[in-house]
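Colleague: My questions concern the predicted model and sequence given below.
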Amino acid sequence: MLNEQSNRDFSYEPKSSSPFSKANPLEPEKPLVPQPVHASIEQVLTISRIQRPNVNMSGHERLVAQYVGRLTMPSAQAFELVDPVLEKYGLFAQFSTLDGIDDHVITIFNNRPQPKPRPWWPNAVLFVLTIFSLLTVGAGIQAGIEDREINELTDLRLWEGLPYAISLMLILGAHELGHYFAARYHKVAVTLPYFIPLPFIGIFGTMGAFIQIRDNVKNRKALFDIGVSGPLAGLIFAIPILFIGLATSNIEPIPTDQDIIREGNSIFYAVAKYITFGEFLPNGNRDVFINQLAQAGWTGLFVTALNLVPVGQLDGGHVMYTLLGRRARVLYWPIIIGLVILSLMNSAWIIWLLLLFLFGRFYAQPLDDITPLDPMRRTIGILVLVIFVLIFIPNPIEFIPAAN
């Protein structure tokens, strides 16, 4: 699935148990930062104390100093004044607040990211392999519609899988390019999309795609835009593809003499079938047997929902963090518990549960972590979370065995 990654390992939450020495003021003969950097911080912050890194704590080698006090101007303006000075010395800063305290914190780090261009050929190879993988799935769907038996790969007519392959690549490509262009707009270094093929395993043909953020994200607005642009761009294609696919699919009796795999309902998918057919499906022994376009639309919505889970460095995690800040982390365990419950209902959730258990507690934090979102972005963020509820599928895949 889509895993938008960040290589920023500087994220630091100011707490009482910090990697900084508590009572170490700045010594004039041994300045922690160059004098122009110190002077620029004095311009924007009424300094109450300056803390040194604790050299005895490993894992914090990038920390240089921490300034604590009160900003004398809006954090966005202060950041724009300080950051160009830091850049000259290969430094960068994170603006944040202390938990439960009104003090502002400017934490200075060394080794400012200098991302270099990456070769494009791995992206191209993965793109081609994913196309092939999707063609095999689409051709299999078509063979099933025609009730044609497939015993070997050579029995597949790959060209018949074009509707599924093209449709799903449009959805996934729009999703990833939404992230890509939003990142470029905010001058954040980012890779081209990496598509993940999944041939001969499962029913999707892909595990989605991801881009890698290779730079610091300046503020919550930029992080929000990068996070929401992908799902919204993907939905622009997924929704009409789904409706076109449903309109060209057939309602048939559910066979009882063979095993079948049935796609699950989200609120949106159930309503879409009702709009198209005038009834909620499945209905008794009747259901819609979706064609390649509908399958691509359903898969696109499913992948989008997975990425909108509001935790970690998923798109939904970005949105939730920009709305709530560090308070978003309280959602980690409720979401993990919810996935445990879903895993008991459907084992398909186990892999996603393990991934989020391992990586879901790590959030991408912007450099200016003080300036809040504007009202328009907050409204869009809430709407995106509503979309997540509407398209989330609790029981995505249901295996129905043949009747004895």
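Modeller: All right, it came through fine.
Colleague: Strands of the stretch 201-350 of the chain, residue ranges please.
Modeller: Assigned by DSSP state E, counting those that start in this stretch, the strands in the stretch 201-350 of the chain fall at 206-210, 212-213, 250-253, 260-263, 286-289.
Colleague: just those strands: most buried one?
Modeller: Using mean count of other Cβ atoms under 10 Å, the stretch among those with the largest mean neighbour count is strand 206-210, at a mean of 23. Using the backbone N, CA and C atoms, a C-beta is placed for each residue, glycine as well.
Colleague: how does this structure divide into domains?
Modeller: The chain breaks down by automatic domain parsing into domains covering 5-109, 121-400.
Colleague: Determine which stretch of those is the most buried.
Modeller: Mean neighbour count (mean count of other Cβ under 10 Å) peaks for domain 121-400 among these, with a mean of 19.
Colleague: chain center to that domain, what's the gap?
Modeller: Put simply, domain 121-400 sits 11 Å off its chain's centre (Cα atoms, centre = their mean, to the nearest Å).
Colleague: average pLDDT across it?
Modeller: Domain 121-400 comes out with an average pLDDT of 91.
Colleague: re earlier: among the domains of the chain, which comes closest to P115?
Modeller: With Cβ to Cβ as the criterion, P115 lies closest to domain 121-400 of the domains of the chain, at 4.0 Å.
Colleague: any idea how far I391 is from the residue nearest to L246 when sequence neighbours are not counted?
Modeller: With Cβ to Cβ, 6 or more residues apart in numbering as the criterion, L246 has its nearest non-adjacent residue at 4.3 Å, and that residue is T276. Distance, T276 to I391, using Cβ to Cβ, to the nearest Å: 16 Å.
Colleague: Make a markdown table out of the strands of the stretch 201-350 of the chain and add distance to F280.
Modeller: Shown next, in a markdown table, are these (distance: least, Cβ to Cβ, whole Å):
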| stretch | distance to F280 |
| --- | --- |
| strand 206-210 | 29 |
| strand 212-213 | 41 |
| strand 250-253 | 12 |
| strand 260-263 | 14 |
| strand 286-289 | 11 |
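Colleague: Ok, which of the ones you listed comes nearest L358?
Modeller: In terms of Cβ to Cβ, the element of those nearest to L358 is strand 206-210, at 16.0 Å.
Colleague: sorry, back to before: show me what contacts the residue nearest to L246?
Modeller: 243, 246-247 (Cβ atoms under 8 Å, 6 or more residues apart in numbering).
Colleague: again, only this time at 10 Å
Modeller: Residues near T276 by Cβ atoms under 10 Å, 6 or more residues apart in numbering: 242-249, 251, 288, 294.
Colleague: ok, now R329?
Modeller: Contacts of R329 by Cβ under 10 Å, 6+ apart are 13, 311-312, 317, 320-321, 360-363.
Colleague: Nearest to P372 among those residues?
Modeller: Y321 (11.9 Å).
Colleague: doesn't D369 make contact with the closest one?
Modeller: Yes - Y321 is within contact range of D369, at 9.1 Å (criterion: Cβ atoms under 10 Å).
Colleague: Please identify every residue contacting each of those two.
Modeller: The contact sets of Y321 and D369 overlap at 220, 223 (Cβ under 10 Å, 6+ apart).
Colleague: Helix, strand, or coil at N111?
Modeller: coil (DSSP: H, G, I helix; E, B strand; the rest coil).
Colleague: Neighbours of it, how many?
Modeller: Using other Cβ atoms under 10 Å, the number of residues around N111 comes to 13.
Colleague: so N219 makes contact with I370?
Modeller: Yes - under the criterion of Cβ under 10 Å, N219 makes contact with I370 at 8.7 Å.
Colleague: Give the intersection of the neighbour lists for the two.
Modeller: Residues touching both N219 and I370 by Cβ under 10 Å, 6+ apart: 75-76, 79, 95.
Colleague: Just put the residues you listed in TSV and tack on distance to E42, secondary structure and pLDDT.
Modeller: Shown next, in TSV, are the shared contacts of N219 and I370 (distance: Cβ to Cβ, whole Å; DSSP: H, G, I helix; E, B strand; the rest coil; pLDDT from 0 to 100):
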residue	distance to E42	secondary structure	pLDDT
S75	16	helix	95
A76	19	helix	94
F79	15	helix	96
F95	15	strand	96
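Colleague: Closest one to P231 out of those residues, please.
Modeller: Nearest to P231 among the shared contacts of N219 and I370: A76, at 25.8 Å, using Cβ to Cβ.
Colleague: give the contact list for the closest one.
Modeller: Residues in contact with A76 (Cβ under 10 Å, 6+ apart) are 95, 218-221, 368, 370-371.
Colleague: Taking those, tell me the two that lie furthest apart.
Modeller: By the measure Cβ to Cβ, F95 and K221 form the most distant pair in the contacts of A76, at 13.7 Å.
Colleague: what touches both of these two?
Modeller: Common contacts of F95 and K221 (Cβ under 10 Å, 6+ apart): 76, 366, 368, 371.
Colleague: Which two among these are spaced furthest apart?
Modeller: Between any two of the shared contacts of F95 and K221 (Cβ to Cβ), the greatest distance is 11.0 Å, for A76 and P366.
Colleague: what do these two both touch?
Modeller: Counting by Cβ under 10 Å, 6+ apart, the residues touching both A76 and P366 are 95, 218-221.
Colleague: Tell me the one of those residues nearest L86?
Modeller: Lowest distance from L86 to those (Cβ to Cβ) belongs to F95, with 11.6 Å.
Colleague: Tell me if I'm right that that closest one and L71 touch.
Modeller: Yes - taking contacts as Cβ under 10 Å, F95 lies within contact range of L71: 7.9 Å.
Colleague: Overlap of the contact sets of those two?
Modeller: Residues touching both F95 and L71 by Cβ under 10 Å, 6+ apart: 44-45, 78-79, 104-106, 370.
Colleague: Filter those down to the ones in helices?
Modeller: 44, 78-79 (DSSP state H).
Colleague: Done for today, thanks.
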